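# Any chance you can model this:
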Amino acid sequence: MITNAKKVTVIGHKNPDTDSICSAISYAALKRKLTGDNYVAKRAGQINSETQYILERFKVTPPEYVADVRTQVRDIEIRETEGVNSTLSLKKAWSLMRKNNVVTLPITDKDKLEGIITIGDITTSYMEVYDNGILAEAKTPYINILETLEGTLLVGDEHAIFEQGKVLIAAANPDLMEDYIEEHDLVILGNRYESQLCAIEMKAGCIVVCEGAKVSMTIMKLAKERGCTIISTPHDTYTVARLMNQSMPISQFMIRDNLITFRTDAYVDEIKTVMAKQKNRDFPILDHKGNYRGMISRRNLLNMERKQVIMVDHNEKDQAVDGIEDAEILEIIDHHRLGTIETMKPVFFRNQPLGCTATIVYQMYCENHVEIEPSIAGLLCAAIISDTLMYRSPTCTKFDIEAAENLAKIAGVDVTEFAGEIFEAGSNLKSKSADEIFYQDYKDFSVGDTTFGVGQINSLNALELSEIKDRLYPYLEKAREEHGVDMIFFMLTNIIRESTELLCVGSMAKQVVESAFHVKEVSNSYKLDGVVSRKKQLIPGIVAAMQE
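Alright, predicted model coming up:
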């Protein structure tokens, strides 16, 4: 049972192979069992045909693809300020802001953002609006006027809207009132019968009777006949005059245009720049469907937590998912050489000279006395078979073999038959394009100021490898330019013959290969007998030649 809402991503390298995917899934499962927390396997690239077969074989859902692990808006605390209707009165909006200790309210309609209103907008409505026709211009609902004045509706419809006329105070005697009251006006007055009668006869749209003064049945009957609304309020004339503008709907003053909003999947380092240039304190957040989800402010960015990541089957920045430098790395589980990754604080780092990361994960299951499910056993066994080329790779150790044999028993598979299925699935490359083949298993490396990439394809079929070579070789220079590396080497490895045909492009690439392996080029490639391991055979030779 998961008890921690914060998610930890367990992820392998870009262009993942079977070990990278299967180890991520298996290690995430182990961490969930040990901690009860939310560890989730992800992938940093496309799943190749070999790995796809293995996942389908054991009915395991492929990990979700993640392109970048930088902190996103969804990773920080989003203040769930509830959206309000545009008809809300200024007074009620002000009260909500004070109650919730916010300075901005979002205005929404069925989860869609219509605008925002700030403390400053409300203040402006108090200080800068002198037009006595503004109440009608704002199309103020009578229910807003009733709520603001704490009034009682004596005549009229509270759901009607005051949309014509101006607001007046009837301080003069009835004779003078006739000179300035016009049809549809809203008149604020007291308990004088004559003034109330005059306002109604002048076709006022509404009269507001102050200080709770009694209104006669005759006046109410006449008002009903003439379509004049009557509101009684306990407040005096001065207070009513002050409060009246506060009944206007916020739609009159809200900001609708050029709203600065952010999506939940936006990266924090990108929105920081935008926020720094705005005077707004709060910014609305929308989900991928454009629905309003909450608000954030600059203060939220001060306390943001970076994404937590566990790296498996790699420890080099160039091979890691984008944004790894901005993530919080918790652990690294790997079997490769030490690379270029840097962490902000100490991490759990387990690196062993084994043929496969899956062997390390298997050992950790055993060390923690955690039962391995058949499906997980199948994934780990497949990863070891794939990474060690069915024990043929020089990287393979007795620990890899022992782990694979034990896992095969749990998974209920025969190692030899299973290996044939795996390699057959992985070598079905006839229908794939050059770039699909290239990216099945490709990694970038660096030695000093020199950068290079190494890709590898394993196959049981020599004819298939020959056909792949003819399609792949013209593509390598394009790939080198896209990656911005000095050289690219690509291994066409024949598992049965335990040999590799090596393709290479780039400045000094051929000199490096010839110096490292003492071979000569034949038909745009080099034959490397006995070389099947990128990690333990090809790369050490290339690095040594570069350093000479």
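# May I ask which helix or strand encompasses Gly455?
strand 450-459 (DSSP states H and E).
# Mean confidence (pLDDT) on that strand, please.
Model confidence over strand 450-459 averages 92 on the pLDDT scale.
# just checking, what packs against it?
helix 415-426, strand 442-447, helix 462-483, strand 487-494, helix 539-547 (3 or more CB pairs under 8 Å, 6 or more residues apart in numbering; DSSP states H and E). In this view, the C-beta of every residue, glycine as well, is placed from N, C-alpha and C.
# partner strands of the second one, parallel or antiparallel?
Right, strand 442-447. Strand 442-447 has its sheet partners listed here by DSSP bridges as strand 450-459 (antiparallel).
# Run the angle between the strand it pairs with and helix 462-483 for me.
150 degrees (axes from the mean of the first three to the mean of the last three CA atoms, to 10 degrees).
# on that earlier part again, give me whichever of the helices and strands packed on strand 450-459 is most buried.
Mean neighbours per residue, mean count of other CB atoms under 10 Å, is largest over the helices and strands packed on strand 450-459 for strand 487-494, with a mean of 23.
# How about residues contacting that strand?
Outside strand 487-494, the residues within contact range by CB atoms under 8 Å, 6 or more residues apart in numbering are 389, 438, 450-460, 462, 465, 468-469, 472, 476, 479-480, 499-509, 512-513, 525, 531-532, 534, 538, 542.
# what does stretch 206-217 give?
By CB under 8 Å, 6+ apart, stretch 206-217 touches 142, 145, 149, 151, 154, 156, 162, 185-191, 193, 196, 199-200, 223, 228-237, 240.
# how about stretch 248-256: buried residues?
Met248, Pro249, Ile250, Ser251, Gln252, Phe253, Met254, Ile255 (16 or more other CB atoms under 10 Å).
# Same list (these) but as a markdown table, adding secondary structure.
Formatted as a markdown table, the buried residues of stretch 248-256 follow (DSSP: H, G, I helix; E, B strand; the rest coil):
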| residue | secondary structure |
| --- | --- |
| Met248 | coil |
| Pro249 | strand |
| Ile250 | helix |
| Ser251 | helix |
| Gln252 | helix |
| Phe253 | coil |
| Met254 | coil |
| Ile255 | strand |
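# Now flag whichever of those residues is closest to Ala425.
For the buried residues of stretch 248-256, the minimum distance to Ala425 (CB to CB) is 57.5 Å, reached by Ile255.
# contacting residues for Met344?
By CB under 8 Å, 6+ apart, the neighbours of Met344 are Glu328, Ile329.
# Make 638 the starting number, not 1.
Sure, I'll start numbering at 638, so the last one becomes Met981.
# measure it to Leu967 for me?
To Leu967, Met981 is 11 Å away according to CB to CB, to the nearest Å.
# Which parts of the stretch 838-987 of the chain are helices?
Applying DSSP state H, counting those that start in this stretch to the stretch 838-987 of the chain gives helices spanning 854-863, 874-881, 905-913, 935-939.
# same deal with the stretch 688-837 of the chain?
Counting by DSSP H, counting those that start in this stretch, the helices of the stretch 688-837 of the chain are 727-737, 756-764, 771-774, 779-786, 811-817, 830-838.
# just to revisit the earlier point, Provide a ChimeraX selection command restricted to the buried entries of the contacts of stretch 843-854.
Filtering those down to the buried ones (16+ other CB under 10 Å) takes a single ChimeraX command:
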select :779,782,786,788,791,793,799,822,823,824,825,826,833,836,837,860,865,866,867,868,869,870,872,874,877
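# sorry, back to before: want to try JSON lines for the helices and strands packed on strand 1087-1096, with distance to Asp963 and mean pLDDT as columns?
Below are the helices and strands packed on strand 1087-1096 laid out as JSON lines (distance: least, CB to CB, whole Å; pLDDT from 0 to 100):
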{"stretch": "helix 1052-1063", "distance to Asp963": "34", "mean pLDDT": "89"}
{"stretch": "strand 1079-1084", "distance to Asp963": "19", "mean pLDDT": "90"}
{"stretch": "helix 1099-1120", "distance to Asp963": "22", "mean pLDDT": "90"}
{"stretch": "strand 1124-1131", "distance to Asp963": "28", "mean pLDDT": "95"}
{"stretch": "helix 1176-1184", "distance to Asp963": "28", "mean pLDDT": "93"}
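# ok, the residue nearest to the spatial centre of the chain - contacts?
The chain has Asp902 as the residue nearest its centroid, 3.0 Å off, counting by CA atoms, centre = their mean. Contact analysis of Asp902 by CB under 8 Å, 6+ apart lists Gln709, Val710, Arg711, His925.
# between the residues you listed, which has the most around it?
Counting neighbours by other CB atoms under 10 Å, Val710 leads those with 25 neighbours.
# show me the contacts for that one.
Phe899, Arg900, Thr901, Asp902, Ala903, Val905, Ile908, Ile922, Ile933.
# Nearest to Glu953 among those residues?
Nearest to Glu953 among these, counting by CB to CB, is Val905 at 25.0 Å.
# distance of the closest one from Ile1133?
Remark: distance between Val905 and Ile1133 (CB to CB) = 51 Å.
# For those two, indicate the residue with more neighbours.
Val905 (21 against 11).
# if I read this right, the more buried one contacts Glu942, doesn't it?
No. Judged on CB atoms under 8 Å, Val905 makes no contact with Glu942 at a distance of 10.6 Å.
# Give the residues shared as contacts by the two.
Thr708, Asp712, Ile713.
# which residues touch Leu967?
Val645, Gln945, Val946, Ile947, Val984, Phe985 are the contacts of Leu967 under CB under 8 Å, 6+ apart.
# then the lowest-mean-pLDDT helix or strand in the chain to PDB, C-alphas only?
Lowest mean confidence among the helices and strands of the chain (mean pLDDT, DSSP states H and E): helix 811-817, at a mean of 76. C-alpha atoms of helix 811-817 as PDB (Å, rounded to 0.1, in the frame of the first residue of the first chain):
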ATOM      1  CA  PRO A 811     -40.700  66.400  -3.800                       C
ATOM      2  CA  ASP A 812     -41.100  69.500  -5.900                       C
ATOM      3  CA  LEU A 813     -37.300  69.600  -6.600                       C
ATOM      4  CA  MET A 814     -37.100  65.800  -7.000                       C
ATOM      5  CA  GLU A 815     -39.200  66.100 -10.100                       C
ATOM      6  CA  ASP A 816     -36.400  68.000 -11.800                       C
ATOM      7  CA  TYR A 817     -33.700  65.400 -11.500                       C
END
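# could you pull out the strands for the stretch 938-1087 of the chain?
Under the criterion DSSP state E, counting those that start in this stretch, strands of the stretch 938-1087 of the chain are mapped to 945-949, 965-971, 985-988, 1079-1084, 1087-1096.
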